[in-house]
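structure for this input, please:
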Amino acid sequence: MKTFIDYSKYYDSIYRGKDYKSECDFVLKNVVKHSAKPPKKILSLGCGTCTYELLMAKKGIQITGIDLSSEMLEIASQKIKQAHLESKIKIFQSNVQKFSFKEKFDSALAMFNIAGYQVENGNFEAMLNNVNNSLTPGGVFAFDCWYMPAVLNDKPTDRVKEIKLENSRIIRITKSKLDINRNIIEITFKVLEMKGRRLISETEETHFMRYWSLPELYCFLEKAEFELVKVYNFMDDKSEISENNWDIFVVARKKR
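Numbers count the residues shown, from 1 in each chain. Just a heads-up that it's a prediction; the model follows:
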């Protein structure tokens with residue numbers, strides 16, 4: 001099932017309140033912390049509209065981004081041009097399970113729960129193997145994902161979010177269905193764009209997202225020749241992960 005088609009044009013508006021700068025700083029701090037040297041070239045999986053990538057490029061890092069959605073990449077391309085960062089960010093349409101680059105990268109990232117979209121074991125294994133093949137020896141791979149004990153402790157609920165734009169407003173209705181036998185949440189996003197009481201447009205997409213236990217992560221990373229270095233609560237590297245926090249941040253290192 002294809003995702004991020006019509007939904008892509010609303011993506012940046014829906015997440016405009018997100019503190020991307022603080023998140024980017026957190027990610028880079030912990031990548032640098034566990035790297036032999038500060039990364040100069042980073043591979044970004046599922047780069048989307050490239051908000052993170054723009055922030056990293058402004059720090060002098062060379063970014064190569066891949067994403068399966070041509071719609072998201074079109075938006076990213078426009079943002080890169082507006083920021084005059086074409087020399088710092090290169091983007092390609094590719095599946096994270098099938099990409100291949102001749103050059104090697106110091107680090108790789110898969111943020112915004114790209115790991116969760118790898119719902120089948122073989123999907124996740126293929127992504128990890130591709131990342132490993134793309135890194136220099138000892139290179140760091142960092143990604144966020146959902147933590148199984150927390151998902152089961154605080155099960156997903158239906159939600160409504162409203163975003164006011166200059167001349168209209170967006171209403172996103174999120175409905176979630178938990179499949180505990182497959183470790184998957186089926187999430188349906190319905191987005192309505194309204195002008196006053198008039199419906200301007202409507203789109204609906206269903207995303208299947210996997211959540212993970214630590215033994216699973218250890219197993220898959222070990223099989224792909226990675227060492228699991230550290231698991232943090234996302235945006236909190238001081239406290240231990242627990243059943244109270246869905247979002248975790250995983251740092252792994254390619255074995256030499």
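
contact partners for residue 91?
Residues near residue 91 by C-beta atoms under 8 Å, 6 or more residues apart in numbering: 47, 50, 53, 64-67, 73, 76-77, 80. C-beta coordinates here come from the backbone N, C-alpha and C atoms, glycine included.

go again with 10 Å.
44, 47-48, 50, 53, 63-67, 72-74, 76-77, 80 (C-beta atoms under 10 Å, 6 or more residues apart in numbering).

show me which of the residues you listed are buried.
Among those, those scoring as buried are 44, 47-48, 50, 53, 63-67, 72-73, 76, 80 (criterion: 16 or more other C-beta atoms under 10 Å).

would a markdown table of those with pLDDT, secondary structure and distance to residue 229 be doable?
Compiled in a markdown table, these are given as follows (pLDDT from 0 to 100; DSSP: H, G, I helix; E, B strand; the rest coil; distance: C-beta to C-beta, whole Å):
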| residue | pLDDT | secondary structure | distance to residue 229 |
| --- | --- | --- | --- |
| 44 | 98 | strand | 19 |
| 47 | 97 | coil | 23 |
| 48 | 96 | coil | 25 |
| 50 | 98 | coil | 26 |
| 53 | 98 | helix | 23 |
| 63 | 98 | strand | 22 |
| 64 | 98 | strand | 23 |
| 65 | 98 | strand | 23 |
| 66 | 98 | strand | 23 |
| 67 | 97 | strand | 26 |
| 72 | 96 | helix | 30 |
| 73 | 97 | helix | 31 |
| 76 | 98 | helix | 29 |
| 80 | 98 | helix | 31 |
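
ok, and for the lowest-mean-pLDDT helix or strand in the chain, which residues are buried?
Scoring the helices and strands of the chain by mean pLDDT, DSSP states H and E places helix 8-14 at the bottom, with a mean of 92. Across helix 8-14, burial judged by 16+ other C-beta under 10 Å covers 8-13.

and stretch 49-56, by the same measure?
Residues 49-56 are the ones in stretch 49-56 that count as buried (16+ other C-beta under 10 Å).

need the residues you listed in JSON lines (columns: secondary structure).
Output for those, formatted as JSON lines (DSSP: H, G, I helix; E, B strand; the rest coil):
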{"residue": "49", "secondary structure": "coil"}
{"residue": "50", "secondary structure": "coil"}
{"residue": "51", "secondary structure": "helix"}
{"residue": "52", "secondary structure": "helix"}
{"residue": "53", "secondary structure": "helix"}
{"residue": "54", "secondary structure": "helix"}
{"residue": "55", "secondary structure": "helix"}
{"residue": "56", "secondary structure": "helix"}
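
let me see the ranges of the strands in this protein.
41-45, 62-67, 89-93, 105-110, 135-146, 159-164, 169-179, 184-195, 198-210, 226-233, 247-254 (DSSP state E).

out of these, which is the most enclosed?
Comparing the strands of the chain by mean neighbour count (mean count of other C-beta atoms under 10 Å), strand 105-110 comes out on top with a mean of 25.

how much does that strand deviate in direction from strand 247-254?
Angle of strand 105-110 versus strand 247-254, following axes from the mean of the first three to the mean of the last three C-alpha atoms, to 10 degrees, is 150 degrees.

so, low pLDDT: which residues of the stretch 1-150 of the chain?
Applying pLDDT under 70 to the stretch 1-150 of the chain flags the ranges 1-2.

circling back: in TSV: the buried ones among the contacts of residue 91, plus distance to residue 140.
Converted to TSV, the buried ones among the contacts of residue 91 look like this (distance: C-beta to C-beta, whole Å):
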residue	distance to residue 140
44	13
47	17
48	21
50	21
53	17
63	15
64	15
65	17
66	18
67	21
72	25
73	25
76	23
80	24
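
ok, residue 197 to residue 89 distance?
41 Å (C-beta to C-beta, to the nearest Å).

how is the protein divided into domains?
Domain assignment for the chain, taken from automatic domain parsing, gives 8-145+212-254, 150-209.

how far out from the middle of the chain is the longest one?
Centroid displacement of domain 8-145+212-254 relative to its chain, using C-alpha atoms, centre = their mean, to the nearest Å, is 6 Å.

same deal with the last one?
Taking C-alpha atoms, centre = their mean, the mean C-alpha location of domain 150-209 is offset from the chain mean by 17 Å.
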